[in-house]
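# sequence first, predicted coordinates after that:
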Amino acid sequence: MLGLARLWHVVLLVRARLEARAVGNFKLRIALLLGFSVANVGVGALLYKLASGPGAVTTEDALFTVYSVLYSVPGADITQASSRLATVVLNLIFLFGLLVFATILAMITEEVNSMLLDVRSGKAPLAMTGHILLLNWNQQVPFLLDQLQQVQGAAAAGRHPFAGRPLVILADAAKDDMDAAVLSFMRHHKQLEVHTRSGKPYRPEHLQRVSAATAAAVLVLHPETPDSSGAGAHGQADPSSSSCSSTAGPLGEARGSSGAAALRLQSLMALASVLLGDGPPWWCRCRRPLLAA
């Protein structure tokens with residue numbers, strides 16, 4: 001009894017660890033489901049063959065019958081078994097198959113909901129090449145969008161390297177806020193294709209999400225921090241708020257500037273690691289311009 005209790009404890013522990021790993025891994029869940037299904041078909045075929053009696057059905061027929069009943073294959077019949085016990089086994093397998101179908105349906109529904117949530121929150125990956133990648137967000141973005149919009153006029157002549165290329169924005173900001181700012185600009189300028197993604201530009205996995213390694217150009221803006229949110233486009237304080245910001249003084253501006261500079265440097269380092277990948281150094285094999293605005 002003690003040995004069985006320990007074995008059952010090990011089984012529960014392994015199951016808990018597999019479930020914990022499979023929560024955020026769809027491929028692992030599919031693999032576990034396939035393994036579980038194969039085991040169910042094998043065990044069910046063995047029980048069905050034993051219940052049918054010696055020599056009543058072959059192993060191949062038992063496997064196919066259990067598979068058909070378990071997954072509700074059209075034409076499967078659970079009433080034509082060779083014995084009553086075999087009929088009971090097939091009915092139990094059919095009821096168990098309903099649970100398996102419900103599990104598969106729940107997994108697919110959860111994965112679809114997760115994909116839709118990623119799209120709405122700006123976490124869905126973009127598989128693009130030859131695009132313009134803009135890192136960080138500040139008050140210069142509307143002016144930059146206006147400049148890129150003016151460049152699109154030269155797309156037919158092909159006189160500018162940015163002409164005819166979509167723009168992808170990756171910034172540590174809410175996607176709804178970025179979309180609202182872009183839409184307010186795009187109401188009168190519809191030639192520029194813009195995609196926004198919410199993420200941290202100093203994390204390589206977030207840069208891979210926007211295909212940073214295949215971008216035609218990368219623009220790195222000075223990130224807007226809470227300390228510098230009231231600053232102008234070039235880091236200067238707003239004159240209208242000078243009377244209210246005397247307590248902050250140069251020290252507050254220096255802290256905001258240093259924090260933004262640190263985030264900008266981290267973005268450049270993460271971008272370099274993504275471009276480096278495997279092979280020669282990124283500055284040798286990367287022919288796309290790396291601009292800092």
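Ah, there it is. Residues are numbered from 1 along each chain as shown.

# what's the spacing between residue 36 and residue 89?
For residue 36, the distance to residue 89 equals 19 Å [CB to CB, to the nearest Å]. For every residue, glycine as well, the C-beta is placed using N, CA and C.

# with neighbour numbers in mind, choose between these two.
residue 89 (22 against 12; other CB atoms under 10 Å).

# host element of that one?
Per DSSP states H and E, residue 89 falls inside helix 84-121.

# the helix or strand following that helix pairs with which strands, and in what direction?
On the C-terminal side of helix 84-121, the closest following helix or strand by DSSP H and E is strand 132-135. Strand 132-135 has the following strand partners under DSSP bridges: strand 167-171 (parallel), strand 217-220 (parallel).

# output those in CSV; the columns should cover distance to residue 78 and mean pLDDT.
Formatted as CSV, the strands paired with strand 132-135 follow (distance: least, CB to CB, whole Å; pLDDT from 0 to 100):
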stretch, distance to residue 78, mean pLDDT
strand 167-171, 55, 89
strand 217-220, 62, 86
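
# output these as a markdown table; include the columns distance to residue 55.
Output for the strands paired with strand 132-135, formatted as a markdown table (distance: least, CB to CB, whole Å):
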| stretch | distance to residue 55 |
| --- | --- |
| strand 167-171 | 67 |
| strand 217-220 | 72 |
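
# relative to residue 136, which of these is closest?
Checking those against residue 136 by CB to CB gives strand 167-171 as the closest, at 5.4 Å.

# after that closest one, which helix or strand is next? Please name it.
Next along from strand 167-171, by DSSP H and E: helix 175-186.

# who are the packing partners of that next one?
Counting contacts by 3 or more CB pairs under 8 Å, 6 or more residues apart in numbering; DSSP states H and E, helix 175-186 packs against helix 141-151, strand 167-171, strand 194-198.

# in it, what counts as buried?
For helix 175-186, burial by neighbour count (16 or more other CB atoms under 10 Å) applies to 175, 178-179, 181-182, 185-186.

# follow-up on the earlier one: and among the strands paired with strand 132-135, the most buried is which?
Among the strands paired with strand 132-135, ranked by average contacts under mean count of other CB atoms under 10 Å, first place goes to strand 167-171 (a mean of 25).

# circling back: enumerate the positions of the helix holding residue 89 that are buried.
Those buried within helix 84-121 under the rule 16+ other CB under 10 Å are 86-87, 89-90, 93-94, 97, 100.

# so residue 127 touches residue 211, yeah?
Yes: between residue 127 and residue 211 there is a contact at 6.3 Å, judged by CB atoms under 8 Å.
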